[in-house]
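Q: Take this sequence and fold it.
(2 chains)
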Amino acid sequence: DAKTTQPPSMDCAEGRAANLPCNHSTISGNEYVYWYRQIHSQGPQYIIHGLKNNETNEMASLIITEDRKSSTLILPHATLRDTAVYYCIARSYNTDKLIFGTGTRLQVFP
Amino acid sequence: SQTIHQWPATLVQPVGSPLSLECTVEGTSNPNLYWYRQAAGRGLQLLFYSVGIGQISSEVPQNLSASRPQDRQFILSSKKLLLSDSGFYLCAWTPDPSTDTQYFGPGTRLTVL
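A: Numbers count the residues shown, from 1 in each chain, chains lettered A, B, ... in the order given. All right, here's what the predicted structure looks like:
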(Lines give C-alpha, C1' and ligand atoms only; values in the text may rest on other atoms or scores of the structure.)
Protein backbone atom coordinates (compact mmCIF):
# COMPACT_ATOMS: atom_id res chain seq x y z
CA ASP A 1 0.00 0.00 0.00
CA ALA A 2 1.14 3.53 -0.78
CA LYS A 3 2.60 5.62 1.97
CA THR A 4 0.69 8.74 2.96
CA THR A 5 2.05 11.97 4.41
CA GLN A 6 0.02 14.30 6.60
CA PRO A 7 0.88 17.38 8.65
CA PRO A 8 1.19 16.44 12.32
CA SER A 9 -1.25 19.07 13.55
CA MET A 10 -3.69 21.75 12.44
CA ASP A 11 -5.98 24.27 14.09
CA CYS A 12 -9.39 25.41 12.94
CA ALA A 13 -11.90 27.90 14.31
CA GLU A 14 -15.31 26.56 15.20
CA GLY A 15 -17.79 27.04 12.36
CA ARG A 16 -15.11 27.36 9.72
CA ALA A 17 -14.16 24.74 7.17
CA ALA A 18 -11.33 22.41 8.14
CA ASN A 19 -9.22 21.32 5.18
CA LEU A 20 -6.94 18.42 5.96
CA PRO A 21 -4.34 17.59 3.29
CA CYS A 22 -2.80 14.24 2.50
CA ASN A 23 -0.02 13.38 0.07
CA HIS A 24 0.08 9.94 -1.53
CA SER A 25 2.41 10.47 -4.45
CA THR A 26 3.14 6.75 -4.92
CA ILE A 27 -0.47 5.67 -4.98
CA SER A 28 -1.29 3.06 -7.59
CA GLY A 29 -4.34 2.79 -9.76
CA ASN A 30 -6.16 0.24 -7.61
CA GLU A 31 -5.62 1.97 -4.27
CA TYR A 32 -8.43 3.78 -2.57
CA VAL A 33 -7.97 6.73 -0.24
CA TYR A 34 -9.66 6.22 3.12
CA TRP A 35 -10.12 8.69 5.92
CA TYR A 36 -10.71 7.77 9.56
CA ARG A 37 -10.65 9.84 12.69
CA GLN A 38 -9.95 8.97 16.29
CA ILE A 39 -11.34 11.01 19.11
CA HIS A 40 -9.29 10.72 22.28
CA SER A 41 -9.55 7.30 23.97
CA GLN A 42 -12.03 5.97 21.42
CA GLY A 43 -11.74 3.59 18.48
CA PRO A 44 -11.22 5.07 15.02
CA GLN A 45 -14.32 6.10 13.13
CA TYR A 46 -14.71 5.72 9.39
CA ILE A 47 -15.35 9.03 7.60
CA ILE A 48 -15.18 8.60 3.85
CA HIS A 49 -13.26 6.97 1.02
CA GLY A 50 -12.76 7.46 -2.69
CA LEU A 51 -10.85 6.30 -5.73
CA LYS A 52 -10.81 9.03 -8.37
CA ASN A 53 -13.94 11.11 -8.06
CA ASN A 54 -14.70 13.58 -5.33
CA GLU A 55 -16.97 12.16 -2.67
CA THR A 56 -19.36 13.71 -0.16
CA ASN A 57 -21.36 12.29 2.69
CA GLU A 58 -23.02 13.60 5.81
CA MET A 59 -19.70 13.91 7.61
CA ALA A 60 -17.28 15.33 5.09
CA SER A 61 -16.14 15.84 1.51
CA LEU A 62 -13.14 14.22 -0.10
CA ILE A 63 -11.35 16.02 -2.90
CA ILE A 64 -8.84 13.93 -4.87
CA THR A 65 -6.53 15.63 -7.36
CA GLU A 66 -6.69 14.55 -10.96
CA ASP A 67 -3.29 12.84 -10.76
CA ARG A 68 -4.42 11.19 -7.49
CA LYS A 69 -1.18 12.11 -5.76
CA SER A 70 -2.91 14.09 -3.06
CA SER A 71 -6.29 14.58 -1.47
CA THR A 72 -8.05 16.88 0.96
CA LEU A 73 -10.64 16.03 3.56
CA ILE A 74 -13.04 18.89 4.14
CA LEU A 75 -15.17 19.28 7.24
CA PRO A 76 -17.43 22.12 6.05
CA HIS A 77 -18.40 23.55 9.43
CA ALA A 78 -16.04 22.31 12.11
CA THR A 79 -17.35 21.91 15.65
CA LEU A 80 -15.50 21.32 18.90
CA ARG A 81 -16.50 17.66 18.66
CA ASP A 82 -14.47 17.36 15.47
CA THR A 83 -11.27 17.68 17.50
CA ALA A 84 -9.51 14.39 16.81
CA VAL A 85 -6.62 12.72 15.01
CA TYR A 86 -7.44 12.26 11.33
CA TYR A 87 -5.85 9.40 9.41
CA CYS A 88 -5.44 9.25 5.65
CA ILE A 89 -4.85 5.73 4.34
CA ALA A 90 -4.17 4.42 0.85
CA ARG A 91 -5.37 0.88 0.53
CA SER A 92 -5.42 -1.63 -2.28
CA TYR A 93 -8.83 -2.86 -3.30
CA ASN A 94 -7.83 -6.49 -2.95
CA THR A 95 -6.18 -6.44 0.48
CA ASP A 96 -7.83 -6.75 3.86
CA LYS A 97 -5.56 -4.45 5.81
CA LEU A 98 -5.49 -0.79 6.71
CA ILE A 99 -2.08 0.68 7.50
CA PHE A 100 -2.48 3.65 9.82
CA GLY A 101 0.14 6.37 9.95
CA THR A 102 0.44 8.99 12.67
CA GLY A 103 -2.30 11.21 11.22
CA THR A 104 -3.11 14.90 11.70
CA ARG A 105 -4.20 16.13 15.08
CA LEU A 106 -6.98 18.66 14.39
CA GLN A 107 -7.77 21.08 17.18
CA VAL A 108 -11.00 23.03 16.77
CA PHE A 109 -11.10 26.10 18.97
CA PRO A 110 -14.05 28.33 19.98
CA SER B 1 -27.90 -3.24 13.18
CA GLN B 2 -24.38 -4.41 13.78
CA THR B 3 -22.54 -3.84 17.04
CA ILE B 4 -19.04 -4.63 18.19
CA HIS B 5 -18.20 -5.23 21.82
CA GLN B 6 -14.89 -5.37 23.64
CA TRP B 7 -14.15 -6.20 27.23
CA PRO B 8 -12.82 -5.33 29.59
CA ALA B 9 -12.67 -1.59 28.98
CA THR B 10 -9.60 -1.17 31.17
CA LEU B 11 -7.17 -3.64 32.64
CA VAL B 12 -4.13 -3.40 34.89
CA GLN B 13 -1.98 -6.51 34.97
CA PRO B 14 1.41 -7.38 36.46
CA VAL B 15 4.33 -8.38 34.28
CA GLY B 16 4.33 -12.11 33.65
CA SER B 17 0.59 -12.57 34.10
CA PRO B 18 -1.66 -13.99 31.37
CA LEU B 19 -4.01 -11.94 29.23
CA SER B 20 -7.31 -12.58 27.51
CA LEU B 21 -9.20 -9.83 25.68
CA GLU B 22 -12.45 -10.59 23.98
CA CYS B 23 -14.20 -9.05 21.01
CA THR B 24 -17.62 -10.01 19.71
CA VAL B 25 -19.66 -8.73 16.82
CA GLU B 26 -23.45 -8.83 16.65
CA GLY B 27 -25.80 -8.57 13.72
CA THR B 28 -23.58 -9.98 11.01
CA SER B 29 -22.07 -13.22 9.84
CA ASN B 30 -18.64 -14.17 8.55
CA PRO B 31 -17.02 -10.80 9.13
CA ASN B 32 -13.31 -10.14 8.77
CA LEU B 33 -11.96 -9.38 12.23
CA TYR B 34 -8.88 -7.42 13.26
CA TRP B 35 -6.82 -6.68 16.37
CA TYR B 36 -4.85 -3.43 16.54
CA ARG B 37 -2.65 -1.98 19.23
CA GLN B 38 -1.98 1.68 19.83
CA ALA B 39 0.92 2.53 22.11
CA ALA B 40 0.78 5.86 23.92
CA GLY B 41 1.12 8.73 21.43
CA ARG B 42 1.52 6.38 18.49
CA GLY B 43 -0.51 5.26 15.51
CA LEU B 44 -2.42 2.02 15.21
CA GLN B 45 -0.48 -1.15 14.55
CA LEU B 46 -2.26 -4.12 13.02
CA LEU B 47 -1.54 -7.24 15.09
CA PHE B 48 -3.80 -9.97 13.71
CA TYR B 49 -6.62 -10.42 11.27
CA SER B 50 -8.99 -13.26 10.60
CA VAL B 51 -11.13 -14.08 7.59
CA GLY B 52 -12.93 -17.01 9.23
CA ILE B 53 -13.16 -19.41 12.15
CA GLY B 54 -9.74 -20.75 13.05
CA GLN B 55 -8.02 -18.61 10.40
CA ILE B 56 -5.55 -16.17 11.91
CA SER B 57 -2.89 -14.09 10.19
CA SER B 58 -0.20 -12.46 12.29
CA GLU B 59 1.26 -9.19 11.12
CA VAL B 60 4.14 -8.76 13.54
CA PRO B 61 6.14 -11.15 15.71
CA GLN B 62 5.26 -10.58 19.30
CA ASN B 63 4.28 -11.88 22.67
CA LEU B 64 0.62 -12.14 21.75
CA SER B 65 -1.62 -14.65 20.02
CA ALA B 66 -5.14 -14.56 18.64
CA SER B 67 -7.91 -17.08 18.22
CA ARG B 68 -11.30 -17.15 16.60
CA PRO B 69 -13.30 -19.97 18.17
CA GLN B 70 -16.62 -18.76 16.77
CA ASP B 71 -17.67 -16.78 13.72
CA ARG B 72 -18.23 -13.54 15.61
CA GLN B 73 -15.73 -13.93 18.43
CA PHE B 74 -12.09 -12.86 18.34
CA ILE B 75 -9.78 -13.32 21.32
CA LEU B 76 -6.38 -11.79 21.98
CA SER B 77 -4.17 -13.64 24.45
CA SER B 78 -0.79 -13.75 26.06
CA LYS B 79 0.76 -16.32 28.37
CA LYS B 80 3.12 -13.84 30.01
CA LEU B 81 2.68 -10.09 29.66
CA LEU B 82 5.62 -7.76 29.13
CA LEU B 83 5.81 -4.07 30.02
CA SER B 84 5.87 -3.31 26.30
CA ASP B 85 2.44 -4.92 25.90
CA SER B 86 0.84 -1.87 27.50
CA GLY B 87 -1.40 0.05 25.14
CA PHE B 88 -4.86 0.58 23.74
CA TYR B 89 -6.16 -2.56 22.04
CA LEU B 90 -8.79 -2.18 19.39
CA CYS B 91 -10.89 -4.78 17.66
CA ALA B 92 -12.39 -4.02 14.27
CA TRP B 93 -14.58 -5.76 11.75
CA THR B 94 -15.41 -5.52 8.09
CA PRO B 95 -18.76 -6.67 6.78
CA ASP B 96 -17.55 -6.75 3.22
CA PRO B 97 -13.83 -7.18 2.50
CA SER B 98 -14.32 -5.79 -1.00
CA THR B 99 -15.05 -2.37 0.47
CA ASP B 100 -13.01 -2.78 3.64
CA THR B 101 -14.69 -0.07 5.60
CA GLN B 102 -13.65 -1.14 9.07
CA TYR B 103 -15.71 -0.47 12.16
CA PHE B 104 -13.88 -0.29 15.45
CA GLY B 105 -14.87 -1.32 18.92
CA PRO B 106 -14.51 0.89 21.99
CA GLY B 107 -11.10 -0.56 22.87
CA THR B 108 -9.38 -1.97 25.94
CA ARG B 109 -6.75 0.08 27.71
CA LEU B 110 -4.13 -2.31 29.10
CA THR B 111 -1.50 -1.22 31.59
CA VAL B 112 1.21 -3.69 32.47
CA LEU B 113 3.06 -2.85 35.68
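
Q: contacts for the helix or strand of chain A with the lowest mean pLDDT?
A: Lowest on mean pLDDT, DSSP states H and E among the helices and strands of chain A sits strand A:84-92, with a mean of 90. With contact meaning CB atoms under 8 Å, 6 or more residues apart in numbering or on different chains, strand A:84-92 is reached by A:1-4, A:6, A:20, A:22, A:24, A:27-28, A:30-40, A:44, A:47, A:71, A:73, A:97-101, A:103-106, B:43-44, B:100. (Glycine included, C-beta is placed from N, CA and C.)

Q: For chain A, which residue gets nearest to chain B?
A: Residue nearest to chain B within chain A: A:G43 (3.1 Å; CB to the nearest CB).

Q: Just the pLDDT at that residue, thanks.
A: Confidence at A:G43, expressed as pLDDT, is 89.

Q: Same question for the one 3 residues further on.
A: Reading off the confidence values, A:Y46 has pLDDT 91.

Q: how deep is B:G16 tucked in, by neighbour count?
A: 10 (other CB atoms under 10 Å in any protein chain shown).

Q: quick revisit: what's around the nearest residue in space to the residue of chain A closest to chain B that is not next to it in sequence, how many residues?
A: Here the nearest residue to A:G43 in space, its sequence neighbours aside, is B:F104; by CB to CB, 6 or more residues apart in numbering or on different chains that works out to 3.1 Å. Per other CB under 10 Å, the neighbour tally for B:F104 reads 21.

Q: quick one on the thing from earlier: distance from the helix or strand following the least confident helix or strand of chain A to the middle of the chain?
A: For strand A:84-92, the following helix or strand on the C-terminal side (DSSP states H and E) is strand A:104-109. A distance of 13 Å separates the centroid of the chain from that of strand A:104-109, by CA atoms, centre = their mean, to the nearest Å.

Q: what sits up against strand A:104-109?
A: So strand A:104-109 is contacted by A:6-14, A:18, A:20, A:78-86, A:88 (CB under 8 Å, 6+ apart).

Q: Is A:M59 in a helix, a strand, or coil?
A: coil (DSSP: H, G, I helix; E, B strand; the rest coil).

Q: before we move on, back to that, quick one: the residue of chain A closest to chain B from A:L73, how far?
A: 19 Å (CB to CB, to the nearest Å).

Q: Which one of these two is surrounded by more residues?
A: Each of A:G43 and A:L73 has its neighbours counted (other CB under 10 Å); A:L73 has more, 25 against 22.

Q: Who's the closest spatial neighbour of the more buried one, skipping the chain neighbours?
A: A:L20 (4.4 Å).

Q: Run a quick neighbour tally on the one you found.
A: Residues near A:L20, counting by other CB under 10 Å: 23.

Q: Could you check how many residues crowd around A:E31?
A: For A:E31, the neighbour count with other CB under 10 Å is 19.
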